[in-house]
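Trainee: let me see the structure of the following:
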Amino acid sequence: MEQPRDQHEQSMPPRGNAYRLSRLIASFKYAFQGLGYLVRTQRNAQIHCFAALVATLLGALLRIERWEWLILVLTMTLVLAAEGVNTAVEATVDLATTSYHPLAKIAKDVAAGTVLLCAFGSIVVGCLIFLPRLIAWF
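Mentor: Numbers count the residues shown, from 1 in each chain. Presented below is the predicted three-dimensional model:
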């Protein structure tokens, strides 16, 4: 979750390029904090990172083609991005209500379902890239 920004920082007038650069650096800092939170606290994100590591090692071992690397990296990124959006939706819903609401359930379920859809797609991509090589290898 993004840290609250200093009120003094928000009230300061723009000061040219140095100000814009410091704001850019701050936004990267917040983004990295979000990724850190995702990987540290979300079990499924940890599982996806482990699967991405295994896929990367397998790709290196099997010497997959450049275009296969492109598809693999995009697929791994999509799954982790979906997991990040899912975590953000869940946090937002939890912030908005502590009681059961059918729309809150729909928001959480659809976000989780999106991650599942991406994960299933990544399994298909992995099978299409790796299975022919693994079968030929054995």
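
Trainee: use CA for all of it now, contacts and neighbours both
Mentor: Noted.

Trainee: tell me the helices and strands packed up against the longest helix seen in the chain.
Mentor: In the chain, ranked by residue count with DSSP state H as the criterion, the top helix is helix 102-137. Applying 3 or more C-alpha pairs under 8 Å, 6 or more residues apart in numbering; DSSP states H and E, one finds that helix 102-137 makes contact with helix 43-62, helix 66-96.

Trainee: angle of that helix against helix 66-96?
Mentor: Interaxial angle, helix 102-137 versus helix 66-96 (axes from the mean of the first three to the mean of the last three C-alpha atoms, to 10 degrees): 160 degrees.

Trainee: what residues sit buried inside helix 102-137?
Mentor: Neighbour-count burial for helix 102-137, counted by 16 or more other C-alpha atoms under 10 Å, picks out 104, 107-108, 111-112, 114-115, 118-119, 122, 125-126, 129-130.

Trainee: same question for stretch 34-47.
Mentor: Here stretch 34-47 shows 34-35, 38-39, 45 as buried, counting by 16+ other C-alpha under 10 Å.

Trainee: endpoints of it, how far apart?
Mentor: Stretch 34-47 stretches 17 Å from its first residue to its last (C-alpha to C-alpha, to the nearest Å).

Trainee: quick one: that stretch to chain centroid distance?
Mentor: 9 Å (C-alpha atoms, centre = their mean, to the nearest Å).

Trainee: out of the buried residues of stretch 34-47, who's nearest residue 68?
Mentor: If you rank the buried residues of stretch 34-47 by distance to residue 68 using C-alpha to C-alpha, residue 45 comes first, at 22.9 Å.

Trainee: helix or strand for the closest residue to that closest one other than its chain neighbours, which one?
Mentor: Sequence neighbours aside, residue 39 is the residue nearest to residue 45 in space, at 5.7 Å (criterion: C-alpha to C-alpha, 6 or more residues apart in numbering). Element membership of residue 39, judged by DSSP states H and E, is helix 17-41.
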